[in-house]
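Colleague: model the structure of this input:
(one chain, ligands or ions: 1)
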Amino acid sequence: MFETPLAPARRALLSVSDKSGLCDLARGLDALGISLVSTGGTAQTLRGAHLPVTEVSALTGFPEIMDGRVKTLHPLVHGGLLGRRGTDDAVMAEHGIAAIDLLVVNLYPFDTVTARPDCSLEEAIENIDIGGPAMLRAAAKNHEHVIVLCDPADYAEVLDALAHGGTPIELRRRLAAKAYAHTATYDGRVASWLGARTQGENSEPFPPNLHLAYERKRILRYGENPHQAAALYVERNAPRGTIATAQVLAGKELSYNNLADADAALECVKAFQRTPACVIVKHANPCGVALGASVREAYEHAYACDPVSAFGGIIAFNHRLDAETAALILERQFVEVVIAPGVEDAALAAFAKKPNVRLLATGDWPEQSGQSVDYKRIAGGMLAQDADRDTLMLTDLKVVSRRVPNADELRDLLFAWHVSMYVKSNAIVYARESRTIGIGAGQMSRVISARIAAIKAEEAGLSVPGSVMASDAFFPFRDGIDMAAQAGIRAVIQPGGSMRDNEVIVAADEHDMAMVFTGVRHFRH
Ligand SMILES: NC(=O)c1ncn([C@@H]2O[C@H](COP(=O)(O)O)[C@@H](O)[C@H]2O)c1NC=O
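Modeller: As a prediction, the model looks like this:
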């Protein structure tokens, strides 16, 4: 039933909010002898381009009413879209329903309107399109006989097909699926927007139903491993200053792992604002983080933390990348991706010699540019939570040891704490002079993470004595403190809250360490 050849199109209904490409399409349709029917604003645009057009109201014999709430919701429109050619001919003739062979609709710009901070509920509601989705769904259902267009990007392909004998069923089916995706996304956004308002009133933190709408940006070569197929999806209106919206200035296509690691590196480097900072990431964990007087110094110090792991790493900066630093990175190490808010022309030129290295410019990022909600898939479900935010104020710190940290230690404690937020749990970060000295990541026991941080420092030839330690969660036993003291750690920052806090504090005092509690935990899995 679904493969019958399509009779030549005779009538098109056009009703679009986004009028881009409209007149060219209509001109092409007119040249093919297809008559044009349109709603008010669309008809006006077509008439302005001297195209012959009939208003829907003339077709239905019913005016557009209620400020456009009802324009196309009429049996003569929906019968024309839904009538099965061959099966419904008699009933169509009986009721004077003329077939509509091509539908061109895009919807009221609900997203754009509701993105305005001053958008009222009334304005939002008037921008919920009803007639448009109804027509799209009707035409898509009847795609055996009707061509449905909801995206100006498809106009040329359809015009070309019509000019060359008609649209193949595969094309019509693809466009039908696209129309349903379009209306589903649209309804999802309306539901989320209204849901969010309801939440505000009832103070429910999460909506009862979750509608996530992402557009496929790219099919990736493969996923985490070569046998896994993969794709990148992005949010519509994704925030600036993110990997999803970054501009690729140079290099090969980004892989799945590149994107995931680049995101980890960028989100970590955003923790530092004024002072130049550099983060080097491997397998989603920072292996070197440093601040510096310049971007170059930050890179040198981040690299020195773990040169072995930095091989094949992802490097992110929070300040513009200069030519000198770019040249140093490229000559010194194998690097997969370099990310910065901006890139000097001469720095970009340096990448010409290494065509495989990806260079990303994110543009400046707003202060709160990360995700507000974090999602994680589990088999058969999805976990949603507020994104972890760094809200620590100096005044939140509670000194629990006998010795109070000195100013240098305090500076390094805060630096290490910021870094620990971006290290997988159990996270231990050793730091000194605003640079990491050793990082223990992703271990099942905290004391082993502390030991790994010490081993890493030793491997890199960095001396631990005088350094500080940050722990993303409390120490369940004193062993982590003893371990760190043995390595030469002088001060500790951690949330506190363990049943054995007293034992842990006693250990710190015994080693003459300064210890501060943050009262906040930063697990990351
Ligand atoms: N109410 C209706 O019957 C109706 N029919 C079509 N629309 C929408 O009206 C817009 C086009 O309006 P105009 O041609 O007046 O600029 C399109 O986005 C279309 O999806 C409608 N508007 C809202 O539901």
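
Colleague: doesn't residue 98 lie inside a helix?
Modeller: No - using DSSP: H, G, I helix; E, B strand; the rest coil, the assignment for residue 98 is coil, not a helix.

Colleague: chain neighbours aside, what residue packs nearest to it?
Modeller: In space, and not counting its chain neighbours, residue 98 is closest to residue 80: 5.6 Å by Cβ to Cβ, 6 or more residues apart in numbering. All C-beta spots, glycine's among them, are computed from the backbone N, C-alpha and C.

Colleague: again, but for residue 183
Modeller: Among residues not flanking residue 183 along the chain, residue 133 sits closest, at 4.3 Å (Cβ to Cβ, 6+ apart).

Colleague: so who does the one you found touch?
Modeller: Listed by Cβ atoms under 8 Å, 6 or more residues apart in numbering, the contact partners of residue 133 are 107, 183, 186-187.

Colleague: and the protein, which residues reach the ligand?
Modeller: Neighbours of the ligand within the chain, by Cβ under 6 Å from any ligand atom: 15-17, 39-42, 68-73, 105-108, 129-132.

Colleague: which residues in the stretch 251-400 of the chain form helices?
Modeller: For the stretch 251-400 of the chain, applying DSSP state H, counting those that start in this stretch gives helices covering 256-269, 295-305, 307-310, 323-332, 345-350.

Colleague: low-confidence ranges in the chain?
Modeller: Per-residue confidence for the chain (pLDDT under 70) gives these ranges: 1-7, 199-204, 368-371.

Colleague: okay, now the domains of it?
Modeller: Per the TED database, the structural domains of the chain span 6-196, 242-361, 394-517.

Colleague: pretty sure residue 135 sits in a strand.
Modeller: No - counting by three-state DSSP, residue 135 is not found in a strand; it is helix.

Colleague: my guess is it meets residue 78, correct?
Modeller: Yes - in this structure, residue 135 is within contact of residue 78 by Cβ atoms under 8 Å, at 7.4 Å.

Colleague: you'd agree residue 437 is in a strand?
Modeller: Yes - under three-state DSSP, residue 437 sits within a strand.

Colleague: gap between it and residue 282?
Modeller: Per Cβ to Cβ, to the nearest Å, residue 437 is found 17 Å from residue 282.

Colleague: give me the more crowded residue out of the two.
Modeller: residue 437 (32 against 21; other Cβ atoms under 10 Å).

Colleague: OK, contacts around the more buried one?
Modeller: 305, 430-431, 453, 457, 460, 462-464, 467.

Colleague: now residue 346
Modeller: Residue 346 touches 322-323, 326, counting by Cβ under 8 Å, 6+ apart.

Colleague: just to revisit the earlier point, of the contacts of residue 437 - the most surrounded one?
Modeller: Result: residue 453 is most packed of the contacts of residue 437 (other Cβ under 10 Å), 32 neighbours.

Colleague: now it: which helix or strand?
Modeller: helix 446-459 (DSSP states H and E).

Colleague: what angle separates that helix from helix 295-305?
Modeller: When axes from the mean of the first three to the mean of the last three Cα atoms, to 10 degrees is applied, the directions of helix 446-459 and helix 295-305 differ by 110 degrees.

Colleague: packing partners of the helix or strand just after helix 446-459?
Modeller: Following helix 446-459 in sequence order, the next helix or strand is strand 468-471 (DSSP H and E). Counting contacts by 3 or more Cβ pairs under 8 Å, 6 or more residues apart in numbering; DSSP states H and E, strand 468-471 is packed against helix 407-420, strand 428-432, helix 446-459, strand 491-494.

Colleague: rewinding a little: adding distance to residue 393, write the helices of the stretch 251-400 of the chain out as CSV.
Modeller: What follows is the helices of the stretch 251-400 of the chain, written out as CSV (distance: least, Cβ to Cβ, whole Å):
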stretch, distance to residue 393
helix 256-269, 20
helix 295-305, 25
helix 307-310, 32
helix 323-332, 32
helix 345-350, 36
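
Colleague: out of these, which is closest to residue 401?
Modeller: helix 295-305 (26.3 Å; Cβ to Cβ).

Colleague: and that closest one, how far out from the chain's middle?
Modeller: Taking Cα atoms, centre = their mean, to the nearest Å, one finds the center of helix 295-305 at 28 Å from the center of the full chain.

Colleague: from the contact counts, what lies against that helix?
Modeller: Judged by 3+ Cβ pairs under 8 Å, 6+ apart, helix 295-305 is in contact with strand 277-282, strand 285-291, strand 313-317, helix 323-332, strand 435-440.

Colleague: got the angle between the third one and helix 323-332?
Modeller: Compare the direction of strand 313-317 with that of helix 323-332 by the same axes, to 10 degrees and you get 170 degrees.

Colleague: please name every helix or strand in contact with strand 313-317.
Modeller: helix 256-269, strand 277-282, helix 295-305, strand 335-340.

Colleague: out of these, which is closest to residue 205?
Modeller: With Cβ to Cβ as the criterion, residue 205 lies closest to helix 256-269 of those, at 22.3 Å.

Colleague: tally of neighbours for the spatially closest residue to residue 488 that is not a sequence neighbour?
Modeller: Leaving out its chain neighbours, the residue that sits closest to residue 488 by Cβ to Cβ, 6+ apart is residue 465, at 3.3 Å. By the criterion of other Cβ under 10 Å, residue 465 has 9 neighbours.

Colleague: residue 408 too?
Modeller: Using other Cβ under 10 Å: residue 408 sits among 15 other residues.

Colleague: of the contacts of residue 346 - the most surrounded one?
Modeller: residue 326 (26 neighbours).

Colleague: so that residue touches residue 352, yeah?
Modeller: No - in this structure, residue 326 is not within contact of residue 352 by Cβ under 8 Å, at 10.8 Å.
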